[in-house]
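# here you go, sequence then predicted model.
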Amino acid sequence: MGITSSCCDSCFSRKSQSYEPLLLENEREAVADLLQYLENRTTTNFFSGSPLSALTTLSFSDNVDLQRSAALAFAEITEKEVRPVGRDTLDPILFLLSSHDTEVQRAASAALGNLAVNTENKLLIVKLGGLEPLIRQMLSPNVEVQCNAVGCVTNLATHDDNKTKIAKSGALVPLTRLARSKDMRVQRNATGALLNMTHSDENRQQLVNAGAIPVLVSLLNSPDTDVQYYCTTALSNIAVDGANRKKLAQSEPKLVTSLVQLMDSSSLKVQCQAALALRNLASDEKYQLEIVKADGLQPLLRLLQSTYLPLILSSAACVRNVSIHPQNESPIIESGFLQPLINLLSFKENEEVQCHAISTLRNLAASSEKNKLAIVKAGAVQSIKELILDVPMNVQSEMTACVAVLALSDELKGQLLEMGICEVLIPLTNSSSSEVQGNSAAALGNLSSKDGRAATDDYSAFNDVWDKPEGGMHQYLHRFLSSVDATFQHIAVWTIVQLLESGDPQLIQNIRNSDLLDPVRKLSQSPSVTPTSSIGGTPHSHRSQSRSYQDTETGEGQGEIQLLARKILDFVEGDDMGAPGSLVPGSSVGRESYVSERDEELRRSITHAFGGSNHGHGSNHGHGY
């Protein structure tokens, strides 16, 4: 940051004759010394000793010409060299800021803005009271003075310790007004300063109160890409807060359309921030629908297929949030997102991209059988199977949750089993992540159940993995039955009931001959309440309640566990397979003919828990700057 000025020494030589008779002795000496120092400026340190003393003398002079010379000298020196300075340097510059002379104001604010690039100087300038004269200069009718003063505040506002002080200083109202300046330099500096103020809840609220929102929205259509970037990013940060999103929804009907258009900007950074702003807005249902209505899917798809990581990440995050709304599932699929999303599952360069992609696929599968089929047909499960054991744990959690949702489809269960999905799910039931364990077990449980069983149902896939890999279904079920976690116990006993209901003789025999019955017997007899699972919600998710399983209610959950455990024992230890209250294996008759009303209620509640009928899995808000 700097100003355009004539060389300081020429300024001295031009004016010295006119005012020399009026100069005080110390001022004449200061002028002479400074002229000498300027001739050797490359080797002179102006921030200490005699050079600084000469500048200080001229700065505090009553002679406005000497003040101009000092201010111009400070501006030129700081343009070429910035270093941490002390009060002895800042005091004369701050004094010059209070001058009534426009030239002095302009040069002094330029010098201060240059010094404000340094972190230590930022703090000291505010501490010494620099904000008040800068605010006065922002109100100046002179555009050059405005520009330099706002630029200085912009630099000061990059330090977190200064932001709140700036917000409380009264600077936000003039900054907001200057953001509408006809001078593009002033606009850039003002919008940059407003952006720097959007990184805390308190300051964002102050900005909203200062009337910044309509100004920032109107400037999205600025011809200047820097202004577009600052305003887009500021609005993205403002949209982090739910209350602000509500205000935006009420007062800015053209916001989404403007942001969608900016995704086609010639500037990559503007495209990226536009997608991030839409991502944050899409935390709300209204905006999820509005983005699709505003034809936002095609530019998002283009960004998703970019080779530039920030664009991929921002668009993937946005699509993930947009996909939360059930009405958006089919439009997203019909717009051609499936294959690009599946391709991103193997995007090893960035774990967050992988998480966004798989979570979006899960959301798209949540409400529609047709969409589940389309996702599997596009190759999602095959990709998951190939990748899941080697991806980061967060991605594993999302992938297993997606499989659990897909496994709710009766039409797909056989196909998923034939793909060998159990071979990768079983090892993950012993993951160090309780979420991955629970999701994997829920997926296996969903694969084991079927609303309408038929004699032709093939459950041989469970026999194939009974003892392998890594101990197979047998070890996984034993581990969950013996867990202190009620959710895991619940999943295990329910899954065993489903396997027994399959009617597969080999599977039933495997269960009968296993050591699973001892922990089952304990669960059937124990009246004690085990702790419920602490699982639920990934660190990067707002919609954790929609996982493929959910926490078991302590009292009622324990009762269900006992009831299911007793049914298992009745089945495997009873002599009469068709006795009242037992589970008839292999029957093609509807369950109503042999399962009590309470059984049916239990089955529905657990299927609901595994399947997660609540829609959506969204991502955290994030600041774009």
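Yep, it's here.
# buried set for whichever strand or helix holds I291?
Using DSSP states H and E, I291 sits within helix 285-293. For helix 285-293, the buried set under the neighbour-count rule, 16 or more other CB atoms under 10 Å, comprises Y287, Q288, L289, E290, I291, V292. Any C-beta I mention is one placed from the backbone N, CA and C, and that applies to glycine too.
# would you format the residues you listed as a markdown table with distance to L262 and pLDDT included?
Output for the buried residues of helix 285-293, formatted as a markdown table (distance: CB to CB, whole Å; pLDDT from 0 to 100):
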| residue | distance to L262 | pLDDT |
| --- | --- | --- |
| Y287 | 15 | 97 |
| Q288 | 19 | 97 |
| L289 | 20 | 97 |
| E290 | 15 | 97 |
| I291 | 13 | 98 |
| V292 | 17 | 98 |
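# now flag whichever of those residues is closest to H159.
Comparing those against H159 with CB to CB places Y287 closest, at 32.5 Å.
# in this structure that closest one contacts R245, no?
Yes: judged on CB atoms under 8 Å, Y287 makes contact with R245 at a distance of 7.2 Å.
# hang on, the earlier thing: just checking, what packs against the helix holding I291?
helix 242-251, helix 255-262, helix 268-281, helix 309-322 (3 or more CB pairs under 8 Å, 6 or more residues apart in numbering; DSSP states H and E).
# give the rounded mean pLDDT of the last one.
Average pLDDT, helix 309-322: 97.
# what's the angle from it to helix 285-293?
Per axes from the mean of the first three to the mean of the last three CA atoms, to 10 degrees, the angle that helix 309-322 makes with helix 285-293 is 120 degrees.
# what do you get for the third one?
Interaxial angle, helix 268-281 versus helix 285-293 (the same axes, to 10 degrees): 140 degrees.
# buried set for helix 268-281?
269-281.
# just these now: which is nearest L72?
Using CB to CB, K269 comes nearest to L72 of the buried residues of helix 268-281, at 35.1 Å.
# is it true that the closest one touches D226?
No: counting by CB under 8 Å, K269 stays clear of D226, with 9.4 Å between them.
# related to what we said a few turns ago, between the buried residues of helix 268-281, which sits nearest H474?
R279 (44.1 Å).
# now do S346 against R320, distance only.
Going from S346 to R320 by CB to CB, to the nearest Å gives 17 Å.
# again with P299
16 Å.
# tell me which of the two has more neighbours.
A direct count of neighbours by other CB atoms under 10 Å for P299 and R320 places R320 higher, at 27 against 23.
# give me the helices and strands touching the longest helix seen in the chain, please.
As assigned by DSSP state H, the longest helix anywhere in the chain is helix 554-573. Helices and strands touching helix 554-573, by 3+ CB pairs under 8 Å, 6+ apart, are helix 486-501, helix 505-512, helix 517-525, helix 597-611.
# quick check, pLDDT for S367.
pLDDT at S367 comes out at 86.
# for L444, find the nearest of the helices and strands packed on helix 285-293.
helix 309-322 (25.7 Å).
# run the chain-centre distance for the closest one.
Centre-to-centre, helix 309-322 and its host chain are 10 Å apart (CA atoms, centre = their mean, to the nearest Å).
# give the other helices and strands that that helix contacts.
Partner elements for helix 309-322 (3+ CB pairs under 8 Å, 6+ apart): helix 268-281, helix 285-293, helix 297-304, helix 338-344, helix 351-365.
# nearest to R479, out of those?
Of all those, helix 351-365 sits nearest to R479, with 25.5 Å by CB to CB.
# any idea how far that closest one is from the chain center?
With CA atoms, centre = their mean, you get 14 Å for helix 351-365.
# ok, now stretch 68-88?
Mean-position distance between stretch 68-88 and its chain equals 41 Å (CA atoms, centre = their mean).
# flag the shaky bits of this protein, pLDDT-wise.
1-23, 452-456, 526-557, 575-625 (pLDDT under 70).
# ok, N321 touching E285?
No: counting by CB under 8 Å, N321 does not reach E285; the two are 10.3 Å apart.
# look up how far G170 lies from the closest residue in space to K168 that isn't next to it in sequence.
Computed as CB to CB, 6 or more residues apart in numbering, the closest residue to K168 that is not its neighbour in sequence is Q206, at 7.7 Å. Distance, Q206 to G170, using CB to CB: 10 Å.
# got it, and K182?
From K182 to G170 the distance is 23 Å (CB to CB).
# likewise for K163?
Between K163 and G170 the distance is 14 Å, computed by CB to CB.
# the two - which one has more neighbours?
A count of neighbours by other CB under 10 Å puts K163 above the other of K163 and G170, at 20 against 13.
# pull the number of nearby residues for the closest residue in space to S181 that isn't next to it in sequence.
Counting by CB to CB, 6+ apart, S181 lies nearest to Q187, which is 5.3 Å off, once chain neighbours are set aside. Burial of Q187, expressed as a neighbour count using other CB under 10 Å, amounts to 23.
# mind exporting the helix or strand where Q187 lies as CSV, just the C-alpha atoms?
Using DSSP H and E, Q187 falls within helix 184-196. C-alpha atoms of helix 184-196 as CSV (Å, rounded to 0.1, in the frame of the first residue of the first chain):
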residue,chain,number,x,y,z
MET,A,184,-13.1,1.2,-7.3
ARG,A,185,-10.1,1.5,-5.0
VAL,A,186,-12.3,2.6,-2.1
GLN,A,187,-14.8,-0.1,-2.9
ARG,A,188,-12.0,-2.8,-2.8
ASN,A,189,-10.6,-1.5,0.4
ALA,A,190,-14.0,-1.2,2.1
THR,A,191,-15.3,-4.6,1.1
GLY,A,192,-11.9,-6.1,2.1
ALA,A,193,-12.3,-4.5,5.5
LEU,A,194,-15.9,-5.8,5.9
LEU,A,195,-14.7,-9.3,4.9
ASN,A,196,-12.0,-9.2,7.6
